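1. This is a predicted model, with the sequence first.
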Amino acid sequence: MAYCHLYTYFYFIQAKVNPNLNPLIPQGQGAANLGGNEQPVDVVAQLLAAVQNQRFLMGQALMRLGLSEVAAREFTNNGINSLQRLRLLNEDGLDRLIKQIHRDNQGAGLFIPFFSQESVHAIHFWVNRMYILGLPYKLDQVTEEYATLWNQARKSEKEATRTTSALDLVKQPDPFKKETKWRQWKESMTTYLHSKIGHAGLPLAYIIREQDVPNYNKVFSMVHDQLVECAILTGPEYNINNGLVYDLLQSLTLNGPA
């Protein structure tokens, strides 16, 4: 019966909700493992050297985007010493950081050219996209040419999202009732979720996709389809979007057949 399929579908969505928003800390990582004759002071020195090397590599990557050595150092001094740290900023936060660097160095004549600012934003966009798709990203990939490519993608997707939101052509399905046909209602809901963009610029349809494991060998003609089929099903972005879909489904099925 239709309502049995609805219950199964609704339970599937509910089961994906992970109320624990805190990252899990693997066991055994609470303390350093000092083996052999290695002394604690040696371990600290190695850690400091690794941090300094990471800051250096990040600075070099930023300089490849057109920043001066001083400007790149300002980024790393403000904690942006890795691509992971850059990813944690939102776009507004990145803009505020650039303005702060300009403000703090007015007398020194430090200035980050506009094109370089665009390149930093492009790499920020790229890092977030790779993270969302569960793909690796490395500092040696950061170049001005690569940034230009991703800046075009960033602006195109922004414009497409604005256009889609303005048109709002897809109507939200009516509440599911006893006389509602399940197959048509499910297709209508899926189409609606494809049209809605959630947190991190993700189409909400990825929450209800049938295959949890992405097919990274597949060639996608559209970014939309890649995001739906490959976006990771973990992390804060997923938790927020899953909650949005859950609330929507609950509101449309609450008074339906039990």
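-> On my side now, so go ahead. These numbers come from a predicted model, not from an experiment.
2. Flag every buried residue along the stretch of helix or strand S188 belongs to.
-> S188 is part of helix 182-195, with elements assigned from DSSP states H and E. Residues 185-186, 188-189, 192-195 are the ones in helix 182-195 that count as buried (16 or more other Cβ atoms under 10 Å). Any C-beta I mention is one placed from the backbone N, CA and C, and that applies to glycine too.
3. try stretch 163-175
-> 164, 173.
4. Residues touching that stretch, excluding its own?
-> Stretch 163-175 is contacted from outside by 180, 185, 188-189, 191-192, 194-195, 197, 251-256, using Cβ atoms under 8 Å, 6 or more residues apart in numbering.
5. Out of the residues you listed, which comes closest to E157?
-> In terms of Cβ to Cβ, no member of the contacts of stretch 163-175 lies closer to E157 than I197, at 9.9 Å.
6. shaky segments in this protein?
-> Scanning the chain for pLDDT under 70 picks out 1-39, 166, 258.
7. in the stretch 51-200 of the chain, which spans are strands?
-> With DSSP state E, counting those that start in this stretch, there are no strands along the stretch 51-200 of the chain.
8. mind listing the helices for it?
-> Assigned by DSSP state H, counting those that start in this stretch, the stretch 51-200 of the chain shows helices spanning 69-77, 83-88, 91-104, 114-133, 144-167, 182-195.
9. In the shortest one, which residues are buried?
-> Residues 83, 85-87 are the ones in helix 83-88 that count as buried (16+ other Cβ under 10 Å).
10. what does stretch 127-147 give?
-> Of the residues in stretch 127-147, those buried (16+ other Cβ under 10 Å) are 127-133, 137, 142, 146-147.
11. Please, which helix or strand holds N217?
-> Short version, using DSSP H and E: N217 is in no helix or strand.
12. Tell me how many other residues surround it.
-> Neighbour count of N217, defined by other Cβ atoms under 10 Å: 5.
13. ok, now I98?
-> I98: 18 neighbours (other Cβ under 10 Å).
14. Equivalent analysis for the one 5 residues further on, please.
-> Residues near R103, counting by other Cβ under 10 Å, number 8.
15. can you pull the contacts of it?
-> Applying Cβ under 8 Å, 6+ apart, no residues contact R103.
16. Show me what the helix holding S188 is packed against.
-> With contacts taken as 3 or more Cβ pairs under 8 Å, 6 or more residues apart in numbering; DSSP states H and E, helix 182-195 sits against helix 2-15, helix 235-253.
17. make it 10 Å
-> Applying 3 or more Cβ pairs under 10 Å, 6 or more residues apart in numbering; DSSP states H and E, we find helix 182-195 packed against helix 2-15, helix 144-167, helix 223-230, helix 235-253.
18. Run through who's touching that helix.
-> Residues from elsewhere that reach helix 182-195 (Cβ atoms under 10 Å, 6 or more residues apart in numbering): 1-6, 9, 164-165, 167-177, 180-181, 203-209, 224-225, 228, 241, 244-245, 248-249, 252-253, 256.
19. Please pick the buried ones from the residues you listed.
-> With burial judged by 16+ other Cβ under 10 Å, the buried subset of the contacts of helix 182-195 is 2-3, 6, 9, 164, 173, 176, 180, 203-208, 224, 228, 241, 244-245, 248-249, 252-253, 256.
20. need the contact list for the residue nearest to N241 when sequence neighbours are not counted.
-> Spatial nearest neighbour of N241, chain neighbours left out: G198 (4.1 Å); criterion: Cβ to Cβ, 6 or more residues apart in numbering. Taking Cβ under 10 Å, 6+ apart, we find G198 in contact with 204-207, 237-238, 240-245.
21. Fine, thanks again, bye for now.
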